[in-house]
Structure formats: structure tokens, C-alpha cells
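Visitor: Kindly return the folded structure for what I paste below:
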Amino acid sequence: MAKTNNKFKVLLYISVWVIIWGSIASLIDLPFLKNGIYAEGDLGQYLTFAFTAMISIISAKSIFNKINL
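Guide: I've put the predicted structure just below:
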């Protein structure tokens with residue numbers, strides 16, 4: 001039972017980080033889209049989401065190691 005509970009916690013942790021990443025990336029992306037710096041689907045948008053994903057992965061791994069799920 002403990003192993004199943006641990007897997008659920010890890011899955012929940014990853015899910016929360018995906019939501020955090022998407023929200024932060026979207027908030028960063030919005031001014032670029034509104035100011036016409038790039039359009040939807042352009043390389044700039046891809047790079048914005050890719051860069052925030054890298055930062056999110058590094059942050060998630062660092063926090064994961066500290067909380068010992």
C-alpha cells in the first residue's frame with residue numbers, strides 16, 4: 001500500500017508541476033503575443049515554452065530531492 005501511495009504522490013507532484021509550467025509560460029507568452037513580438041505558433045512561442053520548461057524541470061528536480069517523496 002505504501003508503494004502505491006508513493007507512486008500517487010509522485011504522479012500528483014509531476015501533474016502539479018506541469019500545471020505550474022503551463023501557467024507561467026502562458027503568463028510570459030501573453031505580452032509577447034499582445035505586442036505582436038511573435039504570433040501564435042511562431043518559433044518565439046516555441047522557445048518561450050521550451051525555456052520555461054527547462055527552468056521548470058530544474059526547479060522540480062531540485063525541490064523533489066529536498067522533499068523526499
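Visitor: so how far is Phe49 from Val18?
Guide: Counting by C-beta to C-beta, to the nearest Å, the gap from Val18 to Phe49 is 12 Å. For the C-beta atoms, the positions are set from N, CA and C on the backbone; glycine is no exception.
Visitor: Give the rounded mean pLDDT of the lengthiest helix in the chain.
Guide: The longest helix of the chain (DSSP state H) is helix 2-34. Averaged over helix 2-34, pLDDT sits at 93.
Visitor: Spatially nearest residue to the residue most central in space within the chain, not counting backbone neighbours?
Guide: Closest residue to the average C-alpha location of the chain: Trp21 at 2.2 Å, with C-alpha atoms, centre = their mean. In space, and not counting its chain neighbours, Trp21 is closest to Ser56: 3.9 Å by C-beta to C-beta, 6 or more residues apart in numbering.
Visitor: In contact with the one you found: list those residues for me.
Guide: 17, 20-21, 24 (C-beta atoms under 8 Å, 6 or more residues apart in numbering).
Visitor: top of the residues you listed by neighbour count?
Guide: Neighbour tally across the contacts of Ser56 (other C-beta atoms under 10 Å): the maximum, 19 neighbours, falls on Trp21.
Visitor: show me what contacts that residue?
Guide: 52-53, 56.
Visitor: With respect to Gln45, which of those residues is nearest?
Guide: Taking C-beta to C-beta as the measure, Gln45 lies nearest Thr52 of the contacts of Trp21, at 11.1 Å.
Visitor: Name the residues of the helix or strand harbouring Ile58 that come out as buried.
Guide: Applying DSSP states H and E as the criterion places Ile58 in helix 43-67. Using 16 or more other C-beta atoms under 10 Å as the test for burial, helix 43-67 gives 45, 48-49, 52, 56, 60.
Visitor: which residues does the residue lying closest to Ile24 once chain neighbours are set aside contact?
Guide: Distances taken as C-beta to C-beta, 6+ apart place Thr52 nearest to Ile24, at 5.7 Å, with adjacent residues excluded. Counting by C-beta under 8 Å, 6+ apart, Thr52 touches 21, 24-25, 28.
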